[in-house]
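Trainee: sequence first, then the predicted structure:
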Amino acid sequence: MGMSIGKGNHFDAIVVGTGITGGWAAKELCERGLETLVLERGRNVRHVDDYPTAEKAPWELPYGDELTLEDKRRMPVQSRVGWAVKQSTKHWFVDDTEHPYIEEKPFDWIRGYQVGGRSLTWGRACYRWSDLDFEANAKDGIGVDWPIRYRDIAPWYDHVEAFIGISGQAEGLAHWPDGNFLPPMQLNCLELSLKERWRTRYPDRTLTIGRAANLTRPHQGRGQCVNRDLCIRGCPHGAYFSSNSSTLPAAAKTGRMTLVPDSIVTSLIWDEQAGKATGVTVIDARTKETREYFARVIFLNASTLGTTSILLDSTSRRFPDGFGNDSGELGRNLMDHPSGGAFGLSEEFGDRCYSGRRPNGFCIPRFRNVTEQRKDYVRGFYLAGFASRAGFWGPVHDVPRMGRELKASLSKPGPWYLRMWGFGECLPYRENRVTLNRERRDAWGLPLLSITCEYRENEARMTEDLKASAGEMLEAGGLKYVETGAGSTPGSAIHEMGTARMGRDPKTSVLNAHNQVHAARNVFVTDGACMTSSACQNPSFTYMALTARAAAHAVDELKRGQL
């Protein structure tokens, strides 16, 4: 992945960002023949070489892998996601004191500024949308209608699956479409037991292994998963999909990619006479010097709020309120997935255990307002979870033991438990929005992003139903000491999306059916900013499919002289 600028500052295409979608844009554009400049605001990260904790044993990590008080002082937002940000992973997440933003209402903006972005740390769940999702806004009269349907994106789901490799089990559910899966991971004994019990009690609720971008056999030159469940540290086998292990190397292989880290894109360059964008302005993250790059096509993939920040700060006589903001919808309709769940212990299978640490849970596809109706809210949620044996092998804390007695107690596994959670659909509300505060600026002189976002009555009712359903199912499955968890803050699912939505009408949307800015067709937005509704599925797989589709369209339009 070379970093030298050998072609001056003019390219066929510019891609802003190297995360889930930036990597895909780079791969597709390069493979389709375009000399492509890929800009990343963070440092370079090379596959394998720059995964410093990937092979470390627990005793090699300081502070029991927990953050220090100083870490938490510098990362007050990132550390809210306690399961993700540890000593072993903190280098993948931003320092909040260096990258501040304004929370008008609580919003957890979790970020990773490096080559690969959050593709290094994502949860890897890959679920297709169906027309239940793409048609929902139109049927409910909420927001605006998606300008595409499942038939438009299905071939691109296929295209992405073929490259990244998704393990899973076909279930034949129309609203949860099957794909072309690698062999599924295996459910354990408690999960299989619950699958059978719930099949009888809840015939419309299907427990299946999760569909994940973890390889269960070698694929596209990458090794298969060895069940360490240390994915978030970076996988030296390339056994889960990331930009670093997959798309960026594919782009580099063409000889057409120029990758430049430490490059903060601040704005688009608008040519009034030509009536299109001609390039981007960049600040060097280290020297703070400004430079410009030019191209015929620009893909914005800086993450939902990063992309929208660039668009909002790209003002001109043509776009006084932000680039492409003729509709006034830029920055609006921010969404995330409200979540909740339940936990319980099992008194069964005391003689059973398992080998390895499977990096994937089970999934129960959406059933609410599909086969099981509710009148108090629209849309629905899906459930996920995993069963395991208790992490502390023996009650070492409440009973004083030493020496041989302590060692003996640690050799006995604790009880089986099951943790289940769910993601619900958030509706698009214009009032959930981001703006730029030009009175307050960061170390590079850029205005701070101000976020106002909250869940409303529909999300609250759905979350209560989600938690109650999860708890009821655990009790029906014979689990004991069942507890349901609290709800969530917007941002905490790390599925933020919207703010530059696709639509049919330029008066009510920012992008068209191919992710082009309505008023500037050579600018494409294919990260989470483009989303018109949120569904309940983990969104990254859909972002990838939209990106591949848009890149193909961009190259076709260039060949026809339309851009």
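Mentor: Cool, got the structure. These numbers come from a predicted model, not from an experiment.

Trainee: quick one: low-confidence parts of the stretch 1-150 of the chain?
Mentor: Low-confidence regions of the stretch 1-150 of the chain, defined by pLDDT under 70, span residues 1-7.

Trainee: which strands border the longest strand along the chain, and is each parallel or antiparallel?
Mentor: Identified as the longest strand of the chain according to DSSP state E is strand 290-300. Looking at strand 290-300 with DSSP bridges, its partner strands are strand 10-16 (parallel), strand 276-284 (antiparallel), strand 520-525 (parallel).

Trainee: any idea how far the longest one is from the chain center?
Mentor: Okay, so that is strand 276-284. Computed by C-alpha atoms, centre = their mean, to the nearest Å, the chain-centroid distance of strand 276-284 equals 26 Å.

Trainee: check stretch 555-563 too.
Mentor: Distance, centroid of stretch 555-563 to centroid of chain: 30 Å (C-alpha atoms, centre = their mean).

Trainee: check whether Cys231 really touches Arg124, as I assumed.
Mentor: Yes - using C-beta atoms under 8 Å, Cys231 is in contact with Arg124, at 6.9 Å. The way it works is simple: take the backbone N, C-alpha and C, and place the C-beta from them, glycine included.

Trainee: now list whatever residues contact both of those two.
Mentor: Asn214, Tyr240, Pro359 (C-beta atoms under 8 Å, 6 or more residues apart in numbering).

Trainee: in PyMOL, how would I select just the buried ones from those residues?
Mentor: The buried residues among the shared contacts of Cys231 and Arg124 can be selected in PyMOL (16 or more other C-beta atoms under 10 Å) with this line:
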select buried, resi 214+240+359
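
Trainee: closest to Asn227 out of the shared contacts of Cys231 and Arg124?
Mentor: For the shared contacts of Cys231 and Arg124, the closest approach to Asn227 (C-beta to C-beta) belongs to Pro359, at 6.8 Å.

Trainee: how confident is the prediction for the closest one, by pLDDT?
Mentor: The model reports Pro359 with a pLDDT of 97.

Trainee: same deal with the one 4 residues further on?
Mentor: Predicted confidence (pLDDT) for Cys363: 98.

Trainee: bridging residues for it?
Mentor: Bridge pairing for Cys363 - DSSP bridges - gives Thr208, Ala384.

Trainee: and the gap between it and Ala125?
Mentor: 8 Å (C-beta to C-beta, to the nearest Å).

Trainee: what do those two both touch?
Mentor: Common neighbours of Cys363 and Ala125 (C-beta under 8 Å, 6+ apart) are Gly210, Arg211, Ala384.

Trainee: now the closest residue to the second one other than its chain neighbours: how far from Val16?
Mentor: The shortest distance from Arg211 to any residue other than its chain neighbours is 3.4 Å, reached at Gly168 (C-beta to C-beta, 6 or more residues apart in numbering). Here Gly168 is placed at a distance of 32 Å from Val16 (C-beta to C-beta).

Trainee: now swap in Asp313 and tell me
Mentor: 13 Å.

Trainee: which one's more surrounded, those two?
Mentor: Taking neighbours as other C-beta atoms under 10 Å, Asp313 and Val16 compare with Val16 leading, 28 against 19.

Trainee: could you list which residues are in contact with the more buried one?
Mentor: Contact analysis of Val16 by C-beta under 8 Å, 6+ apart lists Gly22, Leu39, Val265, Val280, Ile298, Phe299, Leu300, Asn301, Ala302, Thr307, Ile310.

Trainee: now the strands paired with strand 290-300 in JSON lines, please, with extra columns for distance to Gly445.
Mentor: Shown next, in JSON lines, are the strands paired with strand 290-300 (distance: least, C-beta to C-beta, whole Å):
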{"stretch": "strand 10-16", "distance to Gly445": "18"}
{"stretch": "strand 276-284", "distance to Gly445": "8"}
{"stretch": "strand 520-525", "distance to Gly445": "23"}
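
Trainee: so which of those is nearest Ala174?
Mentor: strand 520-525 (29.8 Å).

Trainee: need the CA coordinates for the helix or strand following that closest one. CSV is fine.
Mentor: Remark: after strand 520-525, the chain's next helix or strand is helix 540-559, criterion DSSP states H and E. This file holds the C-alpha atoms of helix 540-559, laid out as CSV (Å, rounded to 0.1, in the frame of the first residue of the first chain):
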residue,chain,number,x,y,z
SER,A,540,-22.0,-2.2,7.5
PHE,A,541,-22.8,-5.0,5.1
THR,A,542,-25.4,-2.8,3.4
TYR,A,543,-22.9,0.1,3.3
MET,A,544,-20.5,-2.1,1.5
ALA,A,545,-23.0,-3.3,-1.1
LEU,A,546,-24.1,0.3,-1.8
THR,A,547,-20.5,1.4,-2.2
ALA,A,548,-19.7,-1.3,-4.7
ARG,A,549,-22.9,-0.5,-6.6
ALA,A,550,-22.1,3.2,-6.7
ALA,A,551,-18.5,2.7,-7.8
ALA,A,552,-19.7,0.6,-10.8
HIS,A,553,-22.1,3.4,-11.7
ALA,A,554,-19.5,6.1,-11.3
VAL,A,555,-17.1,4.3,-13.8
ASP,A,556,-20.0,3.7,-16.2
GLU,A,557,-21.0,7.3,-16.1
LEU,A,558,-17.4,8.4,-16.6
LYS,A,559,-17.1,6.2,-19.7
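
Trainee: which stretches of the protein form helices?
Mentor: Taking DSSP state H as the criterion, the chain carries its helices at 20-31, 69-74, 131-134, 136-140, 150-164, 189-201, 248-253, 304-312, 403-410, 457-476, 540-559.

Trainee: quick one: closest of those to Val510.
Mentor: That would be helix 304-312 among the helices of the chain, by C-beta to C-beta, at 7.9 Å.

Trainee: the inter-axis angle of that closest one versus strand 520-525?
Mentor: Per axes from the mean of the first three to the mean of the last three C-alpha atoms, to 10 degrees, the angle that helix 304-312 makes with strand 520-525 is 150 degrees.

Trainee: what packs against helix 304-312?
Mentor: Helix 304-312 is packed against strand 263-271, strand 290-300, strand 433-441, strand 447-452, with contacts defined by 3 or more C-beta pairs under 8 Å, 6 or more residues apart in numbering; DSSP states H and E.

Trainee: tabulate those (TSV), appending mean neighbour count.
Mentor: Listed next are those as TSV, based on neighbours: other C-beta atoms under 10 Å:
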stretch	mean neighbour count
strand 263-271	20
strand 290-300	21
strand 433-441	16
strand 447-452	20
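
Trainee: can you list the ones you listed in TSV and add mean pLDDT?
Mentor: Below are the helices and strands packed on helix 304-312 laid out as TSV (pLDDT from 0 to 100):
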stretch	mean pLDDT
strand 263-271	98
strand 290-300	98
strand 433-441	98
strand 447-452	98
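
Trainee: neighbours around the closest residue to Ile209 other than its chain neighbours, how many?
Mentor: Nearest residue to Ile209, sequence neighbours excluded (C-beta to C-beta, 6+ apart): Pro184, at 4.7 Å. Using other C-beta under 10 Å, Pro184 is surrounded by 17 other residues.

Trainee: relative to Arg504, how far out is Pro184?
Mentor: Taken as C-beta to C-beta, the span from Pro184 to Arg504 is 38 Å.

Trainee: check Asp140 too.
Mentor: In terms of C-beta to C-beta, Asp140 sits 16 Å off from Arg504.

Trainee: and what of Leu29?
Mentor: 26 Å.

Trainee: looking at those two, which one has more neighbours?
Mentor: It is Leu29, of Leu29 and Arg504, that has more neighbours when counted by other C-beta under 10 Å, with 32 against 16.

Trainee: who's in contact with the more buried one?
Mentor: Per C-beta under 8 Å, 6+ apart, neighbours of Leu29: Asp12, Ala13, Val15, Thr36, Ala251, Val297, Phe299, Ala551, Ala554, Val555.

Trainee: thought the fourth one was touching Thr18?
Mentor: It stands for Thr36. No - applying C-beta under 8 Å, one finds Thr36 not in contact with Thr18, separated by 11.8 Å.

Trainee: now do the shared contacts for the two.
Mentor: Ala26.

Trainee: look at the two and report which has more neighbours.
Mentor: Thr18 (32 against 28).
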